[in-house]
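Undergrad: From the sequence below, what's the structure:
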Amino acid sequence: MPIFSELPRIGGTLVWYCLICKRQVWLISHGVEADKEDEFLKLGRLIDESSYERVRHSVSFGDSKFDLLKEEKGVLVIGEIKKSSRSIEAARLQLAHYLYELAKSGIAARGELLFPKERRREDVSITEDLQSKLDEIYMEIKDIVLSPCPPKAQECKYCKNCAYQELCWS
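TA: You can find the predicted model right below:
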């Protein structure tokens, strides 16, 4: 079992995966990388890089990386680009995590979930309900990360397109 000298650093990706697959949370937090040649990962990167080209991309803040950062009418706007709205709750909480982290640093912002292939967008603002859900997710992530081994693989609707599937089903 690895001994951590500090609590795990929680970025938006871990929040996203906590709602998609607990096993991926453990794998990512322990440095196990996904198959970089996975076609679905490549497609996601292409959509991210080729969408909203006039806006600042891949902005780091703490342990997170925002897909987009812009200012509209004096308000900071954080954008999260997704291939589809299939996992909208996970996307919403990932974006809420970014807004929460900014708010904890005294920075007011609003968020936009962006689904370019669907020509759809959804505004997200941090609320007490979202903060409460995030606090629960953070505790769950810490429990998963500090576990000596990954959670058992459990098949779900996301497994078919997962870049980690070889580590679960081979």
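Undergrad: which other helices and strands contact the longest helix seen in the chain?
TA: Counting residues, the longest helix found in the chain (DSSP state H) is helix 128-146. Here helix 128-146 touches helix 12-20, helix 22-29, helix 88-104, going by 3 or more C-beta pairs under 8 Å, 6 or more residues apart in numbering; DSSP states H and E. For glycine as for every other residue, the C-beta is placed from the backbone atoms N, C-alpha and C.
Undergrad: mind putting the ones you listed in JSON lines, mean neighbour count and mean pLDDT included?
TA: Shown next, in JSON lines, are the helices and strands packed on helix 128-146 (neighbours: other C-beta atoms under 10 Å; pLDDT from 0 to 100):
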{"stretch": "helix 12-20", "mean neighbour count": "22", "mean pLDDT": "92"}
{"stretch": "helix 22-29", "mean neighbour count": "22", "mean pLDDT": "91"}
{"stretch": "helix 88-104", "mean neighbour count": "21", "mean pLDDT": "93"}
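Undergrad: Can you check which of those gets nearest to E112?
TA: Of all the helices and strands packed on helix 128-146, it is helix 88-104 that lies closest to E112, at 7.9 Å by C-beta to C-beta.
Undergrad: Report all helices and strands that the following helix or strand past that closest one contacts.
TA: Heading C-terminal from helix 88-104, the first helix or strand you meet, by DSSP states H and E, is strand 109-115. The contact analysis (3+ C-beta pairs under 8 Å, 6+ apart) places strand 109-115 against strand 64-72, strand 75-81, helix 88-104, strand 120-124.
Undergrad: If you average the pLDDT over strand 109-115, what comes out?
TA: For strand 109-115, mean pLDDT is 94.
Undergrad: ok and that strand relative to strand 64-72, angle-wise?
TA: 100 degrees (axes from the mean of the first three to the mean of the last three C-alpha atoms, to 10 degrees).
Undergrad: Same question for strand 109-115: list its buried residues.
TA: Going by neighbour count (16 or more other C-beta atoms under 10 Å), the buried part of strand 109-115 is A109, G111, E112, L113, L114, F115.
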